[in-house]
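Novice: using only what follows, build the 3D model:
(one chain, ligands or ions: 1)
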Amino acid sequence: MNGFRTRGHPIALAAVRRAVRTGRPPHAMLIVGPDGVGKTTLALDLAAGLLCVDPDPASRPCRDCAACRKVEHDNHPDLHRLMPEGAGDQIRLVQVHALVAELALLPMEGRWRVAIIEAAHRLNPDAQNALLKTLEEPVGAACIVLVADEPQSILPTVASRAARVRLGPVSRPEIAALLEDRGVADAARSTSIARAARGRPGLGMTLAALPEASIVADRLARTLLDLARADPSVRLGAVGGLVADGAALDAMLRGEGSRAAGVTSARGARVAPAERRRAAARVLAAWRDLGRDLFVAASGGGHELNDPQLLEELRDVASRVEMRDLLAFLERLDALIAAVEGYANPELVLDALALAWPRARAA
Ligand SMILES: [Zn+2]
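Specialist: Predicted structure coming up:
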């Protein structure tokens, strides 16, 4: 029995197991997939496996030796973790330079130096280019794992030098089993959280710890559904409330619950641009989920729905909107999700979407 923590993802996990067992990991790996799906968990499984000092490679990571415990406590000198910092929520060039310098050195304790670059989609092109030389001329004992939600923001020159692993959704029973095993939810609650987690074990763990986040998420979905029946002025008037809920949800899910209280409205001057963007991104993600649920309901489905309690209402609205309009809306939404990440003004994007959201015909 070894200590891999990854749930689901059998193909990706098999590749990581093989790299650990043979002691021949790729010099660089790019793990992509949605937020909370298990990318960092998989990267840490690889790091622990490579750094573990158990004499039997098949038992690594043992989670018991000194090296495994250091990985667990995030203080292993050969494990380097980079994540966005500062106001712009970016991984800065200076961080990459420091990493590159460390990776050029021999490992301190283990056989490898392992770098995990979290939110690698937050590396700007300069920072990615700074990494490139290390990727092009790999040093023998370094393994770099890039973890990204949005692979399209990784430069092709960088992506092409990394073994690519894509993580899809994890099944509901696997997520429910994880929640029960960790003792964070009983059987009944773990089933309902697993449904709300939409294939993302990390989100499931967060929701289990934060019942109030589920309440805000439900309110957001209901507001959006109600807007399908509302006229344009009501829709525009609702955007401020949506952003406030998005900001609260974002703060809770990022573990900054206390800061949520300070966010009154994202139209207010007190809210930093990065926070407004993240708040809008939460609203857009909820909108996409709801739009997809609406589409599923219109097609007669419903078993896969995020919120079965909404099912009846969804079916009612779905029967009164044009499917063609809904599909066009979802396409536009996907494009705008990328735009909000980059340059677009979040409130203007939400205003535009509020007006473009298909209108339910009167019953
Ligand atoms: Zn170990």
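Novice: roughly how far out does stretch 185-201 sit from the chain middle?
Specialist: Offset of stretch 185-201 from its chain centre (C-alpha atoms, centre = their mean, to the nearest Å): 17 Å.
Novice: how long is it end to end?
Specialist: 13 Å (C-alpha to C-alpha, to the nearest Å).
Novice: what residues sit buried inside it?
Specialist: 185, 189-191, 193-201 (16 or more other C-beta atoms under 10 Å). (Glycine included, C-beta is placed from N, CA and C.)
Novice: need the residues that contact it.
Specialist: Applying C-beta atoms under 8 Å, 6 or more residues apart in numbering, the external contacts of stretch 185-201 come out as 7-8, 34-38, 41, 168-180, 184, 203-204, 207-208, 214, 217, 289, 306-308.
Novice: filter the residues you listed down to the buried ones, ChimeraX style.
Specialist: ChimeraX command restricting these to the buried ones, with burial defined by 16+ other C-beta under 10 Å:
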select :7,8,34,36,37,38,41,169,170,172,174,175,176,178,179,180,184,203,204,207,208,214,217,289,306,307
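Novice: filter the contacts of stretch 185-201 down to the ones in helices?
Specialist: Using DSSP state H, the subset of those located in helices is 41, 172-180, 203-204, 207-208, 214, 217, 289.
Novice: averaged pLDDT, the host helix or strand of residue 143. What do you get?
Specialist: Using DSSP states H and E, residue 143 sits in strand 142-148. Throughout strand 142-148, pLDDT has a mean value of 95.
Novice: could you point out the helix or strand that follows it?
Specialist: That would be, after strand 142-148 and using DSSP H and E, helix 156-159.
Novice: in that next one, what's buried?
Specialist: Buried, per 16+ other C-beta under 10 Å, within helix 156-159: 158-159.
Novice: export only the CA atoms of that helix, formatted as PDB.
Specialist: Extracted as PDB, the C-alpha positions of helix 156-159 are listed here (Å, rounded to 0.1, in the frame of the first residue of the first chain):
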ATOM      1  CA  PRO A 156       3.200  26.700 -27.200                       C
ATOM      2  CA  THR A 157       7.000  26.700 -26.800                       C
ATOM      3  CA  VAL A 158       6.600  25.900 -23.200                       C
ATOM      4  CA  ALA A 159       3.800  23.400 -23.500                       C
END
